Structure formats: structure tokens, C-alpha cells
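**Student:** pasting the structure only:
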């Protein structure tokens, strides 16, 4: 259970409601995830985090689906159960197929493996990787 | 310096050379990264790892560039210096622009932040995330 | 369920009871956390770990509450569910308010984000950070 | 070397300079850390990250020194070399003595140890930790 | 619940069944772990991962029990609940006693602690550790 | 460079020298690793950490070499450069051959991979793993 419980819309202060309203508008859904309801105990953090998410996750040089899959990759690497569940869901809504998910997992697994091989064998960085201009 | 040093092509056994040759052919380059030269002390692991990399990183449901960026996302999350350098290089060769890199970093940073907020606030998983059919 | 189950006071050997007694005396409570009951299967580790906790967590140059919050910061970064629950509880008992918890989470989240930005952009350490005398 | 190099004040665009100016004003120093100079290749991220740092790290329910030490705790847990160096420096400037640093390290080390003991022994969360009202 | 559910033997395609059959033969058991049943949605990854596990975990220069304990050490460090449960079980089947488990945990805990002390105190690598010939 | 520099034997206080002397006696060497020289700025932590290392790393139900390899496995998983270098060195002194190291790395890499596959596919723990009596 969330540390301070979840704040539902009807119980929320105006500044929390304003963020909830914006989430609903941007995501075109009535549902507010538990993450936001738990974070709402700190309205300033709620606002700051939502503004960052809105800005960072919007399509730009990378499309929104790619960004959701990168989010899943990080969450899986960190073993964050909540984040894996919520962002896998979000990525599927954004168009991730089962085939894409499977390839995503394969890359995440492999990268976690070779990250340790590189560290364990104490591999020094190739000179050409150091000058990227 | 790598734990057992780096094995150059001219000093390599035939089974190591065979992998080096395949890397060169698949990647269309003469250069073998230090990672492979360090791992070559275990020819079986060299072969197994290379076959996995070749299979997993090839374009499929996800394109090769997206896969390289996911690799970078994992490596950055794990603080693997060698892997960050080598896969940022590889992603750039595969077409990652500075704008794409910047957005990639922004997502990786944000995901690492919210992973901790979700854990720290002990947020329970939303019911609808649990039934994904 | 704990790997070998939990050892309750009434079922404990004298050397385990002695540690339980000391925990109760130092913490001025009758309750022994599950952590200690699970670890009690290794009485030597139980004793060593408790002595370390008693020594390290006592007020010194840092007060006990600050130390509990640092414990929470580490546990959240590591995604340790048990430790987040138990040390958030302990920090609250030591005086952590909801406002302090919220700021703690904000710092932990931000540090986890910028740790990855620093690594991802491969930032070299400033010269003045290297000579700290 | 940073992936895209460091952007010095004299070479910076107006929007980057504006952030640099604000950093200098808030921190009352002429020096801009390499972290910001590397991040300046993405002026939007530079601005967003700096605004978050300014907001989150300011004294509030927790004082500024405590926040810097929490930052160090996270950075050490994550093995982020740059962040350890820069935030140890910052914490020292904010008043962290050698004794405080030593106790900080002891808590960080111990928490990382017991995080694994709790996970390894598969300890279930005590009931009383679940209802925190 | 697993993202795409678990694929039981009777519902499996021939290529999945072939892997299940090999697992059963090698491990001399009728039981297939949930891990494989969840991964079976990607038959190529199922095959590749199983072949790697079979090759890497077989007794060689290190015996099978030592390998299982190393697996547990990694899983505990990463806070992977599933992996801790499954590989503790496997290690016990391979002969790990309670005493061995207790010592394993003690080493894992200690290593996680000193890893952070080394990083936090920014200890430079001793010269003699760099030349291992 | 270590945060507060390294304390050499000739410059050490009696309580630090006593630990150095014990390290030399137990390890039958004149050399004190940089780790201890950096930690010596906190003589209490130096003593506590050394006593733990001495107790935990001594041969028991697991032999000393196995313990060193587990230490390496943790250090590699955590990307701790200092610890990888120092404990690979120690393991080699304790008898780890190149073949053993190679198998150790293969297990560590594989475990880090499958840890993420298990988390990413959200695999639920098998019932039989939960009752270990």
C-alpha cells in the first residue's frame, strides 16, 4: 500500500486537481494512475514531475513509442515492478506488439549481460570511441 | 588494462579468428572492438556472445538503430563506462543524431527518477495493468 | 515467505535470544522485526549485523534521523521493498514528517536522474573536484 | 571526454548563457561545472534540469547540507564517479566535515549490505510497516 | 501475472515443446519453471536462452553448485525476487546447505557494502592490481 | 585520488597501525591495499570493516576461493572498478585459473541477463519455490 495512501480526484486540493485535469486532457483518458495519486501528497513534486514527463515523453526526434520502450528498458534494468507494469501497458497502448516487446526484452537482457562482461574483463575504451567529432 | 590483455587477430587461434572474421563481415569493417579482443581468452564465450549479439541486434520488429539506443539506455542506467562509449559510437554510426541522443538521455534520466519515486512511495500496481490480454 | 522461516523469541537459542534482548533494550520496544528473525538462522551473522547497525546508526556527527533518511535513500535507489517499508517506518518514528519524506524522495529521484545524465554524456571530472585538501 | 564536448560560456547561445548566469547567481560562484557544460548541447534539458536542481536542493523541510549528503548516498550506491566527486565537493562546501562524511559512508555501506540480506533471505514485510497512518 | 501469461506444454508449438523436452531431459524433472513458460512467447529467445543456460551452468572448471551460488549472488545484488527464489531452490537441490547459504549471504552483503566504501572514498586502483601477467 | 588521501603505515595512529598489523599477519604480506589506507581516516570503520572481512571471508562451509569469486561476481554486477581489480587479483592469488575466471564471468553475465528477462516478463514465482522446508 502506498506510503501515505492514494489521493482520489474528489478528495484532491485545487492544485492537485489541476494536474490531474491536465493528465486527463493530454492522455485523453479519465484514469489517473496510482503513481500520480501517491505522489499527490507533494503537490509541488507532482507538478514538476508531470511537467517533465509531458515534455520529455512527447514525440520529438524520437517517436512516443520508442520513448515508452526506452522507459521499459530502464525500468526492467532497475527491477522496478510498478514501472515495468505501467510502462509495458503504456507502450502497448502506443502500439508495441508482442514481437516488439520480445525484441526489446532480448536487447535489454543482452545489454545487461555484456555490460558485466565488459566490466568484469576490465576492457579499456577503444581510442576511436573517445573522439566523436 | 583488460584482465588478460587483448588478443589481436595475428595472435589469435583459428576458432577466435573465425569469430573475428564473422564480426568483420557482418559489420563491414576491419576493426575489432577491444571487448571482443578481451573476451577472446574464452573462445566459447566469444562465439556464444557474438552469435547472441548478431541475432538479437539485427533489424526485426525493431530497427537496428532503436536497438542500439536501447543498449545505450541500459548501459547508462548501469553506469558501464565501456558500454556507454562503444554503443553511443555504434548508435551514431547507425544514424543517431545529436537531437535523438539528447532525447534518449532525457528519457533515461526521467525513468531512473520516476523508478525511485514509484518505489519510494510504495505505489501498488493498478489493477488494469495486471490483465493485459 | 522467508527462505528458512522466522525464528520467534520462544524458539530461539540463547545466543539468538541475547541479540533479541539487546535489540529490545536499545530500541525500547518488544517487537523484533522480521529481518532479524530471518537472519537468526545464522547467529554469527545476526550478532555481527546487529552490532554494526547499533554502532553505525547511533547518533554521532550525524543525528539518528538523518541516518535513517540516508538508509531510506539507499533502499529506494536499490529497489529493496522490505528495506523501504521498514526504514520509512523507522524514520517516521524518529521524527520524519511527511514534508521531510517528500523532500527526501525528490532528492533521491533527482540524484538518480542526474547520475545517468552525467554518465550518459560521459562528463569528465572537473579538476577542482580532484584535490580536496 | 564528454560525448559532444563542453560548451564554455563565451561559445554559448543566449538561452544557455541565461542558465549559466542563473547558476552563477544562485551558487554565488563564477565556475560552471562540467556537468552543465556537457548538458548544454540540449538547452531544453539544461533548463529543465537546472530548474529541478534549484527547486529540489534548496533548503526546506530538510536543510541544504542534508540534501547534498543524500545526493552523495545515491551517487555512491549507483557507482557514479562524476557525481561522487562533484557532490562530495559540494557537501564539503556546505559544511560536511570529515567526521560527517565518514558516518555517511558507514550508513551507505551498511544499508547496501542489509538491503541484500533482506532480499536474499526473502524476508516478508512486517504487518505493522504496511499501515502507516 | 506474467505479461503474456504462461504457455503450458499441451498448448505449446513444436519448437517450444522441443525446448521443454530438452529442459526436462537435462534436468531430469517433469516440471518446467514459470520463467520458461513466460519466455516461450518468443520461441527464438527461449531456444537461445536455454542453450546458453545449458552451456554456461554445466559443470566445468567450476562445479554446478558453485555456479548456482554465483547466480544467487547476482540475483540478490540485483534484487530480482523471482531469480532469488528459483536459484536458491536450484542451489539447494544441487547440495547447498543452510550453512553454505548463510555464508553466501554474508559474502554478498559484505561485498555490496565494501563496493560502496571503495567508490565513496574514491579509492584509486593499486598499481600491482593493474599488471596481472 | 582518494577523497582524503591514503594513510601510510608510518603516518598512522596506533589504532590504525594495529589494524594494518593484523591485516599483514592474517594475509601474510607486507602490502596494505589502498582500500584500507583510504578508509583509515575513520579508524572505527576501518576496524569494524576489517573484522567483518576477516570473519566473513575465512574458509568455512565455503572455501576461501569460492568466497573471493562470489565477491568478484557482486563487484562486477555493481560495476565497481576498484573492487573488480582488487578481488580478481585476490581470487587469482587464492588459486583462480583463467578457465575458472572465464566460467565465473559467463555465469555473472547470464544471471544479469535472465534477471532482467524474469522481471521484464513479470514472471510470478512458482509455488514450489515458496515452501522450502
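**Tutor:** Now that the structure is in, tell me what you want to look at. What you see is a predicted model, and the numbers here were worked out from it, not measured in a lab.
**Student:** show me what contacts residue A:128?
**Tutor:** By Cβ atoms under 8 Å, 6 or more residues apart in numbering or on different chains, the contact set of residue A:128 is B:31, B:89. Using the backbone N, CA and C atoms, a C-beta is placed for each residue, glycine as well.
**Student:** ditto for residue A:106
**Tutor:** By Cβ under 8 Å, 6+ apart, the contact set of residue A:106 is B:56, E:42, E:45.
**Student:** filtering these by proximity to chain A, which remain?
**Tutor:** Subset of those in contact with chain A: B:56, E:42, E:45, counting by Cβ under 8 Å from any Cβ of the partner chain.
**Student:** quick one: which of those residues is nearest residue D:36?
**Tutor:** Within the ones next to chain A among the contacts of residue A:106, proximity to residue D:36 (Cβ to Cβ) peaks at residue B:56, which comes in at 36.1 Å.
**Student:** how near is the residue in chain A that chain E sits nearest to to residue B:99?
**Tutor:** Nearest residue of chain A to chain E: residue A:102, at 3.7 Å (Cβ to the nearest Cβ). Distance, residue A:102 to residue B:99, by Cβ to Cβ, to the nearest Å: 29 Å.
**Student:** would you mind telling me which of the two has the busier surroundings?
**Tutor:** Each of residue A:102 and residue B:99 has its neighbours counted (other Cβ atoms under 10 Å in any protein chain shown); residue A:102 has more, 22 against 13.
**Student:** circling back: of the contacts of residue A:106, which belong to helices?
**Tutor:** B:56, E:45 (DSSP state H).
**Student:** run the angle between the longest helix along chain A and helix F:98-120 for me.
**Tutor:** If you go by DSSP H, chain A has its longest helix at helix A:98-120. Here the directions of helix A:98-120 and helix F:98-120 differ by 150 degrees (axes from the mean of the first three to the mean of the last three Cα atoms, to 10 degrees).
**Student:** what distance separates helix A:98-120 from the middle of the whole chain?
**Tutor:** Relative to its chain's centre, helix A:98-120 lies at 18 Å (Cα atoms, centre = their mean, to the nearest Å).
**Student:** chain C contacts on chain A?
**Tutor:** Residues of chain A lying near chain C by Cβ under 8 Å from any Cβ: A:3-4, A:41-42, A:45, A:49, A:78-80.
**Student:** quick one: which of these is nearest chain F?
**Tutor:** So of the residues of chain A next to chain C, ranked by how close each gets to chain F (Cβ to the nearest Cβ), first place is residue A:79, at 5.1 Å.
**Student:** what is the neighbour count of the closest one?
**Tutor:** 27.
**Student:** so what's it up against?
**Tutor:** The contact partners of residue A:79, taken as Cβ under 8 Å, 6+ apart, are C:79, E:78-80, F:115, F:119.
**Student:** state the distance from it to residue D:95.
**Tutor:** 35 Å.
**Student:** and what of residue A:101?
**Tutor:** Remark: distance between residue A:101 and residue D:95 (Cβ to Cβ) = 49 Å.
**Student:** residue A:47 sits in which helix or strand?
**Tutor:** Of the helices and strands defined by DSSP states H and E, residue A:47 is found in helix A:43-57.
**Student:** which neighbouring elements make contact with that helix?
**Tutor:** Here helix A:43-57 touches helix A:14-27, helix A:34-39, helix A:64-77, helix B:98-120, helix C:98-120, helix D:43-57, going by 3 or more Cβ pairs under 8 Å, 6 or more residues apart in numbering or on different chains; DSSP states H and E.
**Student:** what's the neighbour count on residue A:30?
**Tutor:** Neighbourhood size, residue A:30 [other Cβ under 10 Å]: 8.
**Student:** that one in helix, strand or coil?
**Tutor:** coil (DSSP: H, G, I helix; E, B strand; the rest coil).
**Student:** pLDDT score for the residue nearest to it when sequence neighbours are not counted?
**Tutor:** Sequence neighbours aside, residue A:24 is the residue nearest to residue A:30 in space, at 6.1 Å (criterion: Cβ to Cβ, 6 or more residues apart in numbering or on different chains). On pLDDT, residue A:24 comes in at 98.
**Student:** same question, residue A:124
**Tutor:** 97.
**Student:** and it, helix, strand or coil?
**Tutor:** Residue A:124 ends up coil, using three-state DSSP.
**Student:** so it sits right up against residue B:5, yeah?
**Tutor:** No: Residue A:124 is beyond contact range of residue B:5, at 10.3 Å (criterion: Cβ atoms under 8 Å).
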